[in-house]
Structure formats: C-alpha cells, structure tokens
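Colleague: Could you look at this predicted model? Sequence included:
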Amino acid sequence: MGKGSGFGKVILFGEHFVVHGVPGIVSAIDSSTDAEVKKIEKGLVIKDERKAAKGYAEEKRLQQIESIERMLKTMGLDPKLPLNIWVGGSLPGFSGLGASAASSVAIARAIAEELSLNLSDEKINQIAYEAEKAYAGNPSGIDNTAATYGGLMWFKKNTAGGPDSVERLRIRKPVEIVIGSTGKVANTKAMVAGVAERKKKNPEKYDPIFKQAENLTHAGRKALESYDLKKLGGLMNENHRLLQEIGVSSKELDLLVDLARKHGAFGAKLTGGGGGGCMTALTPGKELQEKVAAAIKKEGYEVLKTKIGIEKI
Ligand code: MEV
C-alpha cells in the first residue's frame, strides 16, 4: 500500500487575481489530507472519510474522479488504472482551504509509493496542478504549490506558460488565525470562470481593481516581513473589499468577516474561491484567537484555529 499527504492552506492575499498573473501570498496550515492507495483487479474504489461540509463529497465526486484520471495520465499511466483509494486526515473538506489540491498531492504521492515511482516534489506538484484543472478549470497553481511544499509563500503564475515564480517567505513568529466556514460548498470552477468572464466584459472596472490587488500583495509582503500585524490586518480588509467588488464574496462570508472584525480581529477576508467556503481572520495571541473563534461558533458556524508562518510545515 502507498501513502501520501498534502497540506491545507489559507490565501492571505490575491485569490482569483492570482489566476491572471497577479502575485499572491499563501500559507500552509497545520492540517493535512492523507491518502492510501492500493492496486486492485478492476474499477476505482474511493473511500472518502474526510470530515466535510454537508454535500461536499457529493458536489466534488465527479471532479474527484476526473482529477484522479488526470493524475494517472500525467504520470504516464492508464487513466483507468484500477485502484482502491482512501482519503482522510485532519483537513476538513470545507471549500477554500485547498482541500482539493491537498487531496491531489496526497493521492499522487500515495500512487507513486504504491507503484514504486520515485517522484520529486516538483513532479508531484506538476501532477497535482493537472489534477486541479478538474476542480478549478483554470487554476493558478497556488493551491497545489502550497499543498506540496508547505510553508509561507509568495506565488506568481507565469501566464505565458513558463515556470511560476515561487519564493518562500519567513516571518519572525507564527501568527494565530481563525478560519470560519460558511458551511456552503462552492464550485471553484464556476467562481474562477465567472471572474474571467466579468473581467473580459468590463475591463474599465476590472483592470484598476486588479492593479490595486497587485499593490496590496506587495504591501502585504512588506507588512509580513516587518511583522507589522496591524498593517497586515488592514491590508487583508482591503483585499476583502476588492474580492467583494469582483463578485466572489457572499452574504455569509461578509457576515463572518464583520463578526470577526467586531470582536477585535486585526483584519478579516474571505479565503480561497469564495461564493461560500471559508473566511480567515488575523487574531494575534491565543486570547484574541479564542474570542473571535467563540463569536463565530456562537452564531452556529464551524471554526478552525491555526497559525500562519509555521516553520516546519
Ligand atoms: C482557490 O483557492 C484560489 C483561486 O485563486 C483559484 C486558483 O488560484 O487556482 C480562486
């Protein structure tokens, strides 16, 4: 049997914009998806035991099958290779946390181990990127890169098709964050396609927003590196406003973002594809983290308490 894992992530700056070549900043979190793979005689058996938002497994089922076929093809194998696949781990199947990319990385690593293919992380990342196309249509590559390598990263897609620009960022000390889940499963593919369509139709509105998003990611990097957390939070708020303007927030996301800010979060924004899924709040210190998490929980939403910038992940 082969085994593998992939990290979950939060995007601090630049989701959606990153698909079009704007830089983004992403941090892996200390939750991962694990997979086990065994060759069998025939068929594809998937046992998905991840804790997930209601309807997540059903909504993603066909995309998951397509992603596995894409992976096998990219590995130079029969896309219909009979496999028994188990998926689990500590990362919940909430939209926005990179669960699809984490599972693709985990499954690719497990397949490689089961078939004794000695694949580098670079190759695993490339395989997971191809798999992400099943979930996101035209992914930037930020999620699979975070899922493969972990850590805190600067990511800029090379929209001309060459190698992306990926840099590891380091901060003085990890910072507490709260992730709140709306409980709504989002279709990343539809969200990404929607932004591309609106951008194409209305460049007068969208081009300046994309420029602002680029400036924000640069400012966010400075704030992270100088450990100016008040500034960082303010920039995350700004990023949320831009995401609202491009039409990817939702009533529930805005509600959770407002709630987190009202309870003292330094900043809060949706994270990932939006349209449901998750938000994240910057809550330095255990006490503030607890306070914001409790406020979100009290309204009946699920939370995850973690940190950004953890060195070992
Ligand atoms: C999803 O986590 C992030 C998006 O920007 C899609 C992508 O970059 O592939 C919405």
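Modeller: Happy to help now that I have it.
Colleague: and the lengthiest helix in the chain, which residues are buried?
Modeller: In terms of residue count, the longest helix belonging to the chain (DSSP state H) is helix 203-225. Along helix 203-225, these residues count as buried under the neighbour rule (16 or more other Cβ atoms under 10 Å): 206, 209-210, 212-214, 216-217, 219-221, 223-224. To be clear about C-beta, it is placed using only N, CA and C from the backbone, and glycine gets the same treatment.
Colleague: next one: stretch 108-128
Modeller: 108-115, 119, 123-128.
Colleague: What about the residues you listed, which are in strands?
Modeller: Residues of those located in strands (DSSP state E): none.
Colleague: quick one: which of those sit in helices?
Modeller: Among these, DSSP H puts 108-114, 123-128 in helices.
Colleague: Output the below-cut-off pLDDT ranges for the protein.
Modeller: For the chain, applying pLDDT under 70 flags no range at all.
Colleague: Centre-most residue in it?
Modeller: Here the mean C-alpha position of the chain is nearest to the C-alpha of G98 (Cα atoms, centre = their mean), at a distance of 3.0 Å.
Colleague: So is the helix or strand following the longest helix of the chain next to the ligand?
Modeller: Along the chain past helix 203-225, the next helix or strand (assigned with DSSP states H and E) turns out to be helix 229-245. No. If you take Cβ under 6 Å from any ligand atom as the test, helix 229-245 misses the ligand, and the best it gets is 9.7 Å.
Colleague: in whichever strand in the chain runs longest, what's buried?
Modeller: Determined from DSSP E, the single longest strand within the chain is strand 24-39. Neighbour counts using 16+ other Cβ under 10 Å place 24-37 of strand 24-39 among the buried residues.
Colleague: So which of these is the closest to S103?
Modeller: For the buried residues of strand 24-39, the closest approach to S103 (Cβ to Cβ) belongs to T33, at 4.6 Å.
Colleague: thinking again about what came up before, closest to R172 out of the ones in helices among the buried residues of stretch 108-128?
Modeller: Closest to R172, out of all of those and judged by Cβ to Cβ, is N125, at 27.8 Å.
Colleague: Now do the same contact list for the closest one.
Modeller: Residues near N125 by Cβ atoms under 8 Å, 6 or more residues apart in numbering: V105, N144, T145, T148, Y149.
Colleague: can I get these in CSV with secondary structure, distance to the ligand and neighbour count?
Modeller: Converted to CSV, those look like this (DSSP: H, G, I helix; E, B strand; the rest coil; distance: Cβ to the nearest ligand atom, whole Å; neighbours: other Cβ atoms under 10 Å):
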residue, secondary structure, distance to the ligand, neighbour count
V105, helix, 14, 34
N144, helix, 8, 29
T145, helix, 10, 26
T148, helix, 14, 25
Y149, helix, 16, 18
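Colleague: that older thread, for the residue nearest to the centre of the chain, give me its contacts.
Modeller: By Cβ under 8 Å, 6+ apart, the residues touching G98 are F7, G8, K9, L91, D143, A146, A147, G272.
Colleague: does the third one have beta-bridge partners, and which?
Modeller: I take that to be K9. Beta bridges link K9 to A28, judged by DSSP bridges.
Colleague: Name the residues that touch stretch 215-231?
Modeller: The contact list for stretch 215-231 (Cβ under 8 Å, 6+ apart) reads 12-14, 17, 22-25, 152, 154, 169-173, 175, 232, 235-236, 238-239, 242, 266, 282, 284, 309.
Colleague: how many neighbours does N237 have?
Modeller: N237 has 16 neighbours, counted by other Cβ atoms under 10 Å.
Colleague: circling back to that earlier point, quick one: which of the ones in helices among the buried residues of stretch 108-128 is nearest the ligand?
Modeller: A128 (11.4 Å; Cβ to the nearest ligand atom).
Colleague: show me where the protein has helices.
Modeller: Under DSSP H, the chain gives helices at 56-74, 99-114, 121-136, 142-149, 188-201, 203-225, 229-245, 251-262, 286-298.
Colleague: buried sites along the last one?
Modeller: Buried residues in helix 286-298, counted by 16+ other Cβ under 10 Å: L288, Q289, K291, V292, A293, A295, I296.
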